[in-house]
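# need a 3D model of the sequence below.
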Amino acid sequence: MNSRERLLACATGRKTDRAPFVQHWGPWDATKTRWKQEGMKNDDDWTTLFGFDPYRTAPDVHMGIYPKFEEKVIEDEGNTVVSQDEDGVIKRDVKDGASMPEYLDYPVKDWKTWEAHKARFDPDTPGRFPSNWDAEKRKVRDFPGLVTVTPFPYGLFGGARTMMGAEECLIACALEPELIQNINETLFNLWYKMLARMLGDMRLDAIFFWEDMAGKQGSLISPAMFRQFMTPYYQKLIALCRDHGVEMFSLDSDGNIHELTGLFLEAGINVVYPYEIQAGCDVAAMLRKYPGLCAMGGMDKRAMAMDKRAIDAEIERVRGVLALGRYIPFPDHAIPPDVSWENYQYFVWRWKEMVYQA
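As a prediction, the model looks like this:
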């Protein structure tokens, strides 16, 4: 099997020769700085040295905000900098990139600001597809992994969250459901029209959705809200793609997504990730509970910051999950700077050995 065949077979529950060996997330910038100090010679050695399977590529299309906001520095504070990103979000970042940003302001606050923002999600805006579209189609045609598209950082919860911030998005879900519905209707129309063109023009293997709609305590919204705001749009988008032969529909949400997994599957998703261990996720329990699920991720990245004994123990734990089938293991998020280059290499070689022996 080639990598594409293996990934699609795993996603859909067909027999594979082995599990895929793919790296979804890489190191933080601060982690790469540390690794170079510890002997990593080239910026991409963390991926090129280990023989990962070809994973995914995507055509150069704009499925989110467009035109984007100007990225600009608002204030240099010394160790931190306040800036506006391409989504119009104002945030404060540590300059060494060793932590998550502090989000200060968002472009959408109410109906008035949404109406002003809405024009940036018009599917007919010139430039959403590149002028060299024929060359773009040729570029992805023979790729040995998955040809994918993703609207990141927009989703049917993630979109309003990116525009409004998590707290205001949740308040709007409860108090202004018509606003959330209008945002999602706008995003759905954008994606449906763009997908319809792409599906008629080129090979697409998978759609990668992004939501980030859970914390350690579980889902940020109720099942009723999920079914109201998200399920109908997912079902219509997935039906369109299935009619054109797409088989893999993946969804990324951090946090404890046990409660959400069944809702994702009900909406038509068949691949869910990353099942963060520190959030209390149990991939084996999910695979046993939901036979139609393909899980990705679920390898505890924290083991890499410990020692070889901890890494060996994590590999053996994951080996048991891999035996259940329909599982694509990789670290459950980006690799932080408390991981040494030596430990990372040991982890990846043990991970590869496990996958090839399964």
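
# buried ones in the helix or strand encompassing Ala30, by neighbour count?
Here Ala30, judged by DSSP states H and E, is contained in helix 29-37. The neighbour-count check on helix 29-37 (16 or more other C-beta atoms under 10 Å) flags 30-35 as buried. Where C-beta positions appear, they are placed from N, C-alpha and C, glycine not excepted.

# contacts for it, please.
27, 40, 43, 45-46, 96-98, 335-337, 339-341, 344 (C-beta atoms under 8 Å, 6 or more residues apart in numbering).

# quick check: next helix or strand after it?
helix 45-48.

# packing partners of that next one?
helix 29-37 (3 or more C-beta pairs under 8 Å, 6 or more residues apart in numbering; DSSP states H and E).

# using PDB, write out every CA atom in the helix it packs on.
Taking C-alpha atoms only, helix 29-37 is exported to PDB below (Å, rounded to 0.1, in the frame of the first residue of the first chain):
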ATOM      1  CA  ASP A  29       9.900  27.500  17.500                       C
ATOM      2  CA  ALA A  30      11.500  27.600  20.900                       C
ATOM      3  CA  THR A  31      11.900  23.800  20.800                       C
ATOM      4  CA  LYS A  32      13.700  24.000  17.500                       C
ATOM      5  CA  THR A  33      16.000  26.600  18.900                       C
ATOM      6  CA  ARG A  34      16.900  24.300  21.800                       C
ATOM      7  CA  TRP A  35      17.400  21.300  19.400                       C
ATOM      8  CA  LYS A  36      19.800  23.200  17.300                       C
ATOM      9  CA  GLN A  37      21.800  24.100  20.300                       C
END
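
# picking that back up, and the buried residues of helix 29-37, which is closest to Val73?
Ala30 (19.8 Å; C-beta to C-beta).

# how close does that closest one sit to Ile335?
10 Å (C-beta to C-beta, to the nearest Å).

# out of the buried residues of helix 29-37, who's nearest Val272?
Thr31 (25.7 Å).

# could I get the pLDDT score of that closest one?
The model reports Thr31 with a pLDDT of 96.

# list just the nearest of the buried residues of helix 29-37 to Gly292.
Thr31 (35.4 Å).

# show me where the chain has helices.
3-12, 29-37, 45-48, 111-117, 133-141, 158-164, 166-175, 177-201, 223-229, 231-242, 258-267, 283-289, 308-322, 341-357 (DSSP state H).

# out of those, which is the most enclosed?
helix 158-164 (a mean of 25; mean count of other C-beta atoms under 10 Å).

# return the alpha-carbon coordinates of that one using PDB.
Only the C-alpha atoms of helix 158-164 are listed here, as PDB (Å, rounded to 0.1, in the frame of the first residue of the first chain):
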ATOM      1  CA  GLY A 158     -14.200  27.500  15.800                       C
ATOM      2  CA  GLY A 159     -15.300  30.200  13.300                       C
ATOM      3  CA  ALA A 160     -17.300  32.300  15.800                       C
ATOM      4  CA  ARG A 161     -14.700  31.600  18.400                       C
ATOM      5  CA  THR A 162     -11.900  33.000  16.100                       C
ATOM      6  CA  MET A 163     -14.000  36.100  15.400                       C
ATOM      7  CA  MET A 164     -15.400  36.700  18.800                       C
END
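
# list the contacts of it.
87-89, 106-109, 114, 117, 151-154, 169, 172-173, 180, 183-184, 187, 210-213.

# what's the average pLDDT for it?
97.

# please shift the residue numbers so they start at 621 in all later answers.
Shifting the count to begin at 621 puts that one at helix 778-784.

# roughly how far out does that helix sit from the chain middle?
Centroid separation for helix 778-784 versus its chain: 15 Å, with C-alpha atoms, centre = their mean, to the nearest Å.

# residues contacting the residue nearest the centre of the chain?
Note on the chain: the residue nearest the mean C-alpha position is Asp872, at 4.3 Å, using C-alpha atoms, centre = their mean. Asp872 sits next to 772, 828-832, 893-894 when contact means C-beta under 8 Å, 6+ apart.

# again with Leu669
Neighbours of Leu669 in contact, by C-beta under 8 Å, 6+ apart: Gln965.

# end to end, how far does stretch 844-853 reach?
Distance between the boundary residues of stretch 844-853 (C-alpha to C-alpha, to the nearest Å) amounts to 15 Å.

# other residues contacting it?
With C-beta under 8 Å, 6+ apart as the criterion, stretch 844-853 contacts 776-777, 793, 797, 800-801, 804-805, 807-808, 839, 841, 880, 883, 886-887.

# and which of these is nearest to Met924?
For the contacts of stretch 844-853, the nearest to Met924 is Leu880 (26.5 Å; C-beta to C-beta).

# and the pLDDT for that closest one?
98.

# ok, and what's touching stretch 957-966?
647-648, 650-651, 653-655, 658-660, 666, 669, 718, 921, 924-928, 931, 955.
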